[in-house]
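**Q** I would like the atomic coordinates for the input below:
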Amino acid sequence: MSQGVTRRKPPIATSDTVERAPMTNLHIASPHATPATTTPNPVSRSNGGYRRVDPGIPRPELVTGGGTKLAPVRSPAGIIGTEQSLEQFVFEHGQYFDSYLATEPDRLYFFSTRQRGLISYVRRGRYALVGGGLIAPESHKDELLGQFVEHVKRHNLHVAFHNIGDEDLPVYRKHGFQVTKWGEEPVVDLGSCTWGGKPFEWVRRQTNFCQRHGLAAFEVRPEELEPEQWARTLAEVLEVAAESLSRKPQAEEMKFFEGRIDTHDLGLRRLFIARSSHGAGRIEGFVVCNPILGGTKWATELYRHRLDSVRGTVAFLFHHILQQLQAEGVRQVPMCLDPGRGLETPMPGDSFLIRGGLHYGSKYLGGIFDFAGVQHFKSRFRPRYENRYVCALPKVSFGSVIAFLRVFGVFNLNLGNVARIMVERARKRVARKTLSDNA
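**A** Here you go, the predicted structure:
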């Protein structure tokens, strides 16, 4: 896969609040690289022996290509003035697992008048759907949100922020947003994690099983590979993603809350892979981690595996990543939203459309999308849970829900896969009932 460089002119800072079209193909060096300036490396790294970096295994049957990466640049006083500083700014100030997705292609940006904060969103008609929260220093969030509210009212837009935490709710309530809890996010606290004892017995068992079957885990650092090696690795990662998708109900990867690596550079994200044959074979699975608050936290945002990979491949990768981040001094690893979790008690003034829709989805669509299975997998790493909310202005409507489902890709289903999944899970239920009856 060719990794060519497409450059756009950097945005020009103005004194007015602006809405800008998406900036595509941001080519920023990984935080592992040393910048050409005297600016300190934004991510602290451990020099311990635990860390393993993928050397890039030759795969001659895959297409090769080359590319160039540019070093990150800090703009003066935290002002977002160039494409490079945009990505660096998001890296430093994004506080949620999906904040870094502000650098994705096809996003729209709203910048505050002083260019000290931004909001990343997509539009469907009159609906603006925001991911990643208020990307700004804490002291600037109120001003940023106030200017954005003026903007959406001026253009008669309905807006909804997703995955907002408890600590940010006061500023949304101040500006008149309807607040609705829509799930919880599991967060692994690495500072207190020992990986020993009965609580982590399942995790250790998956790791031991995978290692006995020849799996080895590595971090991939594109800047440490030759362009042809990185192109081969990326092509194989995309091969794994396509194979994983072939057994899912959706016709393409979910959007908005899931990052992409086919049309978007890895940037300051981190890529971890599991290879077979004790590290000399094919890629069996991968995990992409998003940075939060300057790399003080990393979210396990995107993970895939081959259909015939060793059982437990993703759990093995998670365990490896968590141990490596722990060795680097990272304290917390969010694991993305568990939708519908903890909604037993309604909030005053919240949206019945969201609560009712999530209840319906978990009850009647769980057989297709396996919400319970994903939540159970994350729970094996013994996380604590943080509330996550949708903040809407003026309020959630049927139209805004439809717009969200379209943006997220819920309606884009592979009907053949849906039918196969339903039949397979029905057979499993019958088999379990038969075993229970004969017990």
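**Q** care to break the protein down by domain?
**A** What the record gives for the chain is the domain set 18-43+71-185+338-408, 189-334, from automatic domain parsing.
**Q** mind telling me which of those the model trusts least?
**A** Of all the domains of the chain, the minimum mean pLDDT falls on domain 18-43+71-185+338-408 (a mean of 82).
**Q** chain center to it: distance?
**A** 11 Å (C-alpha atoms, centre = their mean, to the nearest Å).
**Q** repeat that for stretch 235-251.
**A** 17 Å.
**Q** over to stretch 194-201?
**A** With C-alpha atoms, centre = their mean, you get 27 Å for stretch 194-201.
**Q** dump it to CSV, restricted to CA.
**A** Extracted as CSV, the C-alpha positions of stretch 194-201 are listed here (Å, rounded to 0.1, in the frame of the first residue of the first chain):
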residue,chain,number,x,y,z
THR,A,194,-0.4,-6.7,40.1
TRP,A,195,-1.7,-9.2,37.6
GLY,A,196,-1.5,-11.9,40.3
GLY,A,197,-4.1,-13.9,42.2
LYS,A,198,-7.5,-15.2,41.3
PRO,A,199,-8.9,-11.9,39.9
PHE,A,200,-6.4,-12.1,36.9
GLU,A,201,-6.3,-15.9,36.6
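**Q** how about residues contacting that stretch?
**A** The contact list for stretch 194-201 (C-beta atoms under 8 Å, 6 or more residues apart in numbering) reads 203, 204, 319, 323, 381, 382. Heads up, the C-betas are built off the backbone N, CA and C, glycines and all.
**Q** do stretch 122-132 as well
**A** Under C-beta under 8 Å, 6+ apart, the answer for stretch 122-132 is 90, 94, 96, 98-102, 106-108, 119-121, 152, 156-163, 256-257, 399-400, 403-404, 406-407.
**Q** so of those, which ones are in helices?
**A** Using DSSP state H, the members of the contacts of stretch 122-132 that fall in helices are 90, 152, 399, 400, 403, 404, 406, 407.
**Q** the residue nearest the centre of the chain in helix, strand or coil?
**A** Residue closest to the mean C-alpha point of the chain, counted by C-alpha atoms, centre = their mean, is residue 301 at 3.2 Å. For residue 301, the secondary structure call by DSSP: H, G, I helix; E, B strand; the rest coil comes out as strand.
**Q** show me the contacts for the closest residue to it other than its chain neighbours.
**A** Among residues not flanking residue 301 along the chain, residue 290 sits closest, at 4.5 Å (C-beta to C-beta, 6 or more residues apart in numbering). Going by C-beta under 8 Å, 6+ apart, residue 290 touches 97, 98, 99, 100, 101, 259, 269, 298, 299, 301.
**Q** how far away is residue 290 from residue 172?
**A** Counting by C-beta to C-beta, to the nearest Å, the gap from residue 290 to residue 172 is 22 Å.
**Q** same check on residue 218?
**A** Per C-beta to C-beta, residue 218 is found 41 Å from residue 172.
**Q** which secondary structure element is home to residue 289?
**A** Using DSSP states H and E, residue 289 falls within strand 283-292.
**Q** keeping just the C-alphas, turn that strand into CSV.
**A** Output of strand 283-292 as CSV, limited to C-alpha atoms (Å, rounded to 0.1, in the frame of the first residue of the first chain):
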residue,chain,number,x,y,z
ILE,A,283,0.1,-11.0,12.1
GLU,A,284,-2.7,-12.7,14.0
GLY,A,285,-4.3,-9.6,15.6
PHE,A,286,-3.7,-6.0,16.4
VAL,A,287,-4.8,-3.2,18.9
VAL,A,288,-4.6,0.5,18.2
CYS,A,289,-4.3,2.8,21.3
ASN,A,290,-5.4,6.4,21.3
PRO,A,291,-3.5,9.0,23.4
ILE,A,292,-5.3,10.9,26.2
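**Q** show me the strands in the stretch 301-439 of the chain, by range?
**A** 332-334, 338-339, 384-393 (DSSP state E, counting those that start in this stretch).
**Q** run through who's touching the longest one.
**A** With C-beta under 8 Å, 6+ apart as the contact definition, strand 384-393 has outside contacts at 149, 152, 158-166, 169, 172, 175-187, 189, 334, 337-338, 341-342, 351, 354, 396, 400.
**Q** one more time with 7 Å, if that's ok
**A** 149, 152, 159-166, 169, 172, 176-187, 189, 337, 342, 351, 354, 396, 400 (C-beta atoms under 7 Å, 6 or more residues apart in numbering).
**Q** and that strand, which residues are buried?
**A** 385, 386, 388, 389, 390, 391, 392, 393 (16 or more other C-beta atoms under 10 Å).
**Q** including distance to residue 231, could those go into CSV?
**A** Shown next, in CSV, are the buried residues of strand 384-393 (distance: C-beta to C-beta, whole Å):
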residue, distance to residue 231
385, 40
386, 38
388, 37
389, 41
390, 39
391, 41
392, 43
393, 44
